[in-house]
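>>> just to be clear, the model below is a prediction. Sequence and coordinates:
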Amino acid sequence: MITVLAGGVGAARFLRGLVGVVDEHDVAVIVNTGDDTECYGLDVCPDLDTVVYTVSGSSNPETGWGLVGETWTTMDALERYGVPTWFRIGDQDLGTHLYRTARLHQGATLSEVTSEIARAWGLSISLMPMSDDPVRTRLKLFDGSEVEFQEYFVRLHHDVAVQSVHFEGIESARPAPGVLEAIANAETIVIAPSNPILSIGPILAVAGVAQALEKRRDDVVAISPIVAGAAIKGPADHLLTELGEQASAAGIAHLLTPYASTLIIDIADEALTGKVMRNEMRCVVTNTIMGSKEVSEELARVTLASAHGLPSRS
């Protein structure tokens, strides 16, 4: 079994490649739910849905999120009533959130609903939230205000300086069923290219997850989401800088060295190989910019090979 820690578009694109080179039944995915929110009275799980839509081949290729061929009639109708619609949900996507919200109100757990949604989209991967308990990522801005993740990311376009990050509800959150087992029993564990603070951070903060990864460190491969000092998508680069970390592949190595023995970096960062290795990590250099399914599949092959100590250059 291959277990992947995932959050955001980069992780979803990696998974799209992974299921192209291994059997879906052999893949378990633990997904960040710190981005989850209630919007228009609905329970919305952006990272879980991005994985489902991308792996099923239904996501919007231009944005990396949402669905291809989406329409926005409902948002237009809400605007008529003066409802703020800065968090836009397409008409097809709305069906997913309506189903999830109804099932949760019926007493189903988020894990159960997630499995139902994955099956409905034809997926055979074992897809699980990091926790069935609500966790919400909140960011304290330098102006002293505090916002939830979606306000920061969507309404404010992540164009504001961040002073600190915390995960509301994390103290009482427990791993979802199967999460710790997926880490303990995996042949290979991959930390997908995701924001280390906002996407991987909440997963690691769930009780027992960080410790479980530390025990399996020799079998954990991480992929840097930073290329040439910048994030491919999202605010990871400037957020790292604001929080006193290095916005570089070497910085990612410093953050993830307790959990991963190998870091895959992009060709553009080959000069940083030595700095990565100073963190007692192997360094693998390859193309990590997943502009096509073929590149995603090749990155998946390199990742799996590196987990078994094969040559560190693709």
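Alright, I've got the coordinates.
>>> buried set for the strand or helix carrying residue 302?
Counting by DSSP states H and E, the element that carries residue 302 is helix 293-307. Going by neighbour count (16 or more other Cβ atoms under 10 Å), the buried part of helix 293-307 is 295-307. Placement of C-beta: from N, CA and C, glycine included.
>>> helices and strands around it, which ones?
When contacts are defined as 3 or more Cβ pairs under 8 Å, 6 or more residues apart in numbering; DSSP states H and E, helix 293-307 packs onto helix 8-21, strand 188-191, strand 220-223, strand 262-266, strand 282-286.
>>> among these, which is nearest residue 243?
Residue 243 lies closest to helix 8-21 among the helices and strands packed on helix 293-307, at 17.5 Å (Cβ to Cβ).
>>> just checking, next helix/strand downstream of the closest one?
The helix or strand immediately downstream of helix 8-21 is strand 27-31, counting by DSSP H and E.
>>> convert the C-alpha atoms of that next one to PDB, please.
The C-alpha coordinates for strand 27-31 follow below in PDB (Å, rounded to 0.1, in the frame of the first residue of the first chain):
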ATOM      1  CA  VAL A  27      -3.500   3.900  -2.700                       C
ATOM      2  CA  ALA A  28      -4.600   5.400   0.600                       C
ATOM      3  CA  VAL A  29      -4.900   9.200   0.900                       C
ATOM      4  CA  ILE A  30      -5.100  11.200   4.100                       C
ATOM      5  CA  VAL A  31      -6.400  14.600   3.300                       C
END
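>>> now do it against helix 8-21, angle only.
Angle, strand 27-31 to helix 8-21, by axes from the mean of the first three to the mean of the last three Cα atoms, to 10 degrees: 170 degrees.
>>> return the distance of the nearest residue to residue 251 once chain neighbours are set aside relative to residue 184.
Of all residues not flanking residue 251 in the chain, residue 245 sits nearest, at 5.2 Å (Cβ to Cβ, 6 or more residues apart in numbering). Residue 245 sits at a distance of 29 Å from residue 184 (criterion: Cβ to Cβ, to the nearest Å).
>>> by mean pLDDT, which helix or strand of this structure comes out lowest?
strand 230-231 (a mean of 90; mean pLDDT, DSSP states H and E).
>>> all helices for the stretch 1-150 of the chain, in order.
Assigned by DSSP state H, counting those that start in this stretch, the stretch 1-150 of the chain shows helices spanning 8-21, 46-55, 73-80, 91-105, 110-120, 149-150.
>>> can you put those in JSON lines and add mean pLDDT, mean neighbour count and distance to residue 172?
Below are the helices of the stretch 1-150 of the chain laid out as JSON lines (pLDDT from 0 to 100; neighbours: other Cβ atoms under 10 Å; distance: least, Cβ to Cβ, whole Å):
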{"stretch": "helix 8-21", "mean pLDDT": "95", "mean neighbour count": "24", "distance to residue 172": "25"}
{"stretch": "helix 46-55", "mean pLDDT": "96", "mean neighbour count": "26", "distance to residue 172": "20"}
{"stretch": "helix 73-80", "mean pLDDT": "95", "mean neighbour count": "12", "distance to residue 172": "33"}
{"stretch": "helix 91-105", "mean pLDDT": "97", "mean neighbour count": "16", "distance to residue 172": "18"}
{"stretch": "helix 110-120", "mean pLDDT": "98", "mean neighbour count": "18", "distance to residue 172": "15"}
{"stretch": "helix 149-150", "mean pLDDT": "94", "mean neighbour count": "22", "distance to residue 172": "19"}
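>>> which pair of the buried residues of helix 293-307 spans the longest distance?
Maximum distance among those (Cβ to Cβ): 19.0 Å, for 295 and 307.
>>> for stretch 265-278, give the mean pLDDT please.
Averaging pLDDT along stretch 265-278 yields 96.
>>> tell me the gap between it and the middle of its chain.
Relative to the chain's own centre, stretch 265-278 is displaced by 23 Å; criterion: Cα atoms, centre = their mean, to the nearest Å.
>>> buried residues in it?
Buried, per 16+ other Cβ under 10 Å, within stretch 265-278: 265, 266, 268, 269, 272, 273, 275, 276.
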